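Enquirer: have a look; sequence and predicted model below, questions after that.
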Amino acid sequence: MWENPSRGLSCRYRLRRLRKTSSIRGLVRECELEIDHLVAPIFVREEGKDPEPIASLPGIFRHSLQELPRYCTRLFELGIRAVVLFPCLSPERKDPKGKAALDEKGVVVQAVRAIKAELPSLCVVTDVALDPYTSHGHDGIWDPERDWVDNDATVAILCEMAVLHAWAGADFVAPSDMMDGRVGAIRERLDSQGYPYTGIISYAAKFASAYYGPFREAIGSAQPGSFGVDKSTYQLSVTNVREALRDAKLDEEEGADILMVKPAGPYLDVLAKLREKTLLPLAAYQVSGEYAQIVAAAEHGWVERARVRDESLLAIKRAGADLIFTYFAEEVARERASQRDRFV
Ligand code: PBG
């Protein structure tokens with residue numbers, strides 16, 4: 001079947017030899033998407049019972065504390081081994097300083113405890129930043145006089161927040177705020193408070209991206225009808241790769257255990273370059289806008305959802321990510337689980 005008639009073209013290098021059958025393509029596959037490597041973001045709200053749909057993220061819900069352990073058990077049974085938690089507070093719980101972030105009975109503390117009680121081996125990551133708690137939606141303390149976010153005042157609070165999350169039982173804290181010096185300060189504080197084994201996943205290269213729009217609706221950090229505040233005095237400029245690498249290098253020196261690039265798809269160049277520069281594991285966050293684009297196009301019938309989804313995730317792997325934070329985690333895991341069942 002594969003014999004080439006001699007009248008064929010004289011061509012010594014035939015790359016299609018390696019693409020001939022799916023068995024051969026499997027042998028030479030260079031990267032793989034493993035469920036082990038996925039982190040599922042979960043939105044958690046204090047009140048309520050049933051999961052509440054999020055308009056800007058079809059298929060993703062705000063989970064109530066009550067059903068959270070059940071939901072996590074479902075994810076765990078599908079093979080998902082890590083989640084990252086984002087709190088959704090009602091507007092009356094927010095204030096300019098984000099005080100609720102340090103509430104010992106706050107929703108994140110309760111959520112971590114509830115998950116760990118049920119599933120001690122599920123890796124729980126918490127987000128360390130003030131935007132879910134502040135009335136203005138910035139990640140830190142707003143200084144009206146200088147008209148920007150106060151770096152050092154914010155870092156002091158982030159350190160307390162990290163200790164609180166560690167106390168609740170988080171495996172990793174993930175500072176997503178982009179303040180200077182926060183990784184070193186958090187590391188020191190965790191160590192001195194008796195949490196030397198709570199890790200830090202640093203959002204090292206987090207860009208001031210418009211792809212965060214749906215997330216801001218999900219946690220209510222933007223006024224309705226707006227896409228939220230401008231964070232370009234602390235998040236990276238979309239134009240700068242060298243600066244991103246520098247930021248990542250500092251986070252590594254300050255003691256980060258894992259570095260993250262965010263968003264993922266539009267910043268594969270940063271991911272690939274960082275992969276060559278660091279020996280740390282690399283995470284990439286396929287953010288809400290990346291998810292929403294694929295889902296919306298698929299809903300219009302313009303692209304094939306599962307294939308574009310997998311291609312987007314494989315591209316992130318290929319560029320150098322070890323672990324991927326993605327809203328598709330549950331969907332991909334569910335699909336894998338059903339394929340597995342077919343062969344047993
Ligand atoms: C902020 C934060 C953001 C996301 C996670 N943490 C967005 C922002 O900077 O407003 C976005 C995640 C996503 O879009 O999925 N601390």
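Expert: Cool, the structure landed.

Enquirer: what number of residues lie near P53?
Expert: For P53, the neighbour count with other C-beta atoms under 10 Å is 11. For the C-beta atoms, the positions are set from N, CA and C on the backbone; glycine is no exception.

Enquirer: surely it and E217 touch.
Expert: No. With contact defined as C-beta atoms under 8 Å, P53 does not count as touching E217 (11.7 Å).

Enquirer: nearest to the ligand: which residue in the stretch 51-200 of the chain?
Expert: A129 (3.4 Å; C-beta to the nearest ligand atom).

Enquirer: apart from its chain neighbours, what residue comes closest to P69?
Expert: Distances taken as C-beta to C-beta, 6 or more residues apart in numbering place E118 nearest to P69, at 4.1 Å, with adjacent residues excluded.

Enquirer: residues touching the one you found, list them.
Expert: 69, 72-73 (C-beta atoms under 8 Å, 6 or more residues apart in numbering).

Enquirer: turn those into TSV, including distance to W148.
Expert: As requested, the contacts of E118 are exported to TSV (distance: C-beta to C-beta, whole Å):
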residue	distance to W148
P69	40
C72	38
T73	43
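
Enquirer: the stretch 201-344 of the chain against the ligand: which residues are in contact?
Expert: 212, 215-216, 228, 231, 287-288 (C-beta under 6 Å from any ligand atom).

Enquirer: which two among the residues you listed are spaced furthest apart?
Expert: By the measure C-beta to C-beta, K231 and S288 form the most distant pair in these, at 14.9 Å.

Enquirer: just to revisit the earlier point, mind pulling the model confidence for the residue nearest to P69?
Expert: Looking at E118, its pLDDT is 98.

Enquirer: show me where pLDDT drops low in the stretch 201-344 of the chain?
Expert: Within the stretch 201-344 of the chain, the stretches with pLDDT under 70 are 342-344.

Enquirer: just the helices from it, written as ranges.
Expert: Here the stretch 201-344 of the chain has its helices, by DSSP state H, counting those that start in this stretch, at 213-219, 241-254, 268-277, 288-299, 305-319, 329-343.

Enquirer: ditto for the stretch 1-150 of the chain
Expert: 22-27, 68-77, 107-118.

Enquirer: longest helix in the chain, please.
Expert: Taking DSSP state H as the criterion, the chain has its longest helix at helix 151-168.

Enquirer: what's in contact with stretch 228-235?
Expert: So stretch 228-235 is contacted by 136-140, 148-149, 151, 177-179, 206-209, 212-213, 216, 221-222 (C-beta under 8 Å, 6+ apart).

Enquirer: and the buried ones among the residues you listed, selectable in PyMOL?
Expert: Burial among these is assessed by 16 or more other C-beta atoms under 10 Å; the matching PyMOL selection reads:
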select buried, resi 136+137+138+139+140+149+151+177+178+179+206+207+209+212+213+216+221+222
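
Enquirer: how far away is R19 from R12?
Expert: 17 Å (C-beta to C-beta, to the nearest Å).

Enquirer: same drill for the two, tell me which one is more crowded.
Expert: Comparing R19 with R12 by other C-beta under 10 Å, the one with more neighbours is R19, at 11 against 4.

Enquirer: on that earlier part again, pull out the buried members of the contacts of E118.
Expert: Buried among the contacts of E118 (16+ other C-beta under 10 Å): 69, 72.

Enquirer: of all the helices of the stretch 1-150 of the chain, which one comes closest to L250?
Expert: It's helix 107-118; of these, that one is closest to L250 (C-beta to C-beta) at 26.4 Å.

Enquirer: can you check the pLDDT for the nearest residue to L65 once chain neighbours are set aside?
Expert: Of all residues not flanking L65 in the chain, Q110 sits nearest, at 5.5 Å (C-beta to C-beta, 6+ apart). At Q110, the predicted lDDT confidence score is 98.

Enquirer: please verify my assumption that Q110 contacts P69.
Expert: No. Using C-beta under 8 Å, Q110 makes no contact with P69, being 10.9 Å away.

Enquirer: helix/strand/coil for A174?
Expert: Following DSSP: H, G, I helix; E, B strand; the rest coil, the label given to A174 is strand.

Enquirer: that one bridge partners, please.
Expert: For A174, the beta-bridge partners are D127 (DSSP bridges).

Enquirer: for the residue of the stretch 51-200 of the chain closest to the ligand, phi and psi?
Expert: phi -170, psi 160 (degrees, to the nearest 10).

Enquirer: list the contacts of it.
Expert: Going by C-beta under 8 Å, 6+ apart, A129 touches 139-140, 158, 175-177.

Enquirer: now do F86
Expert: Taking C-beta under 8 Å, 6+ apart, one finds 41-44, 127, 132, 215, 218-219 in contact with F86.
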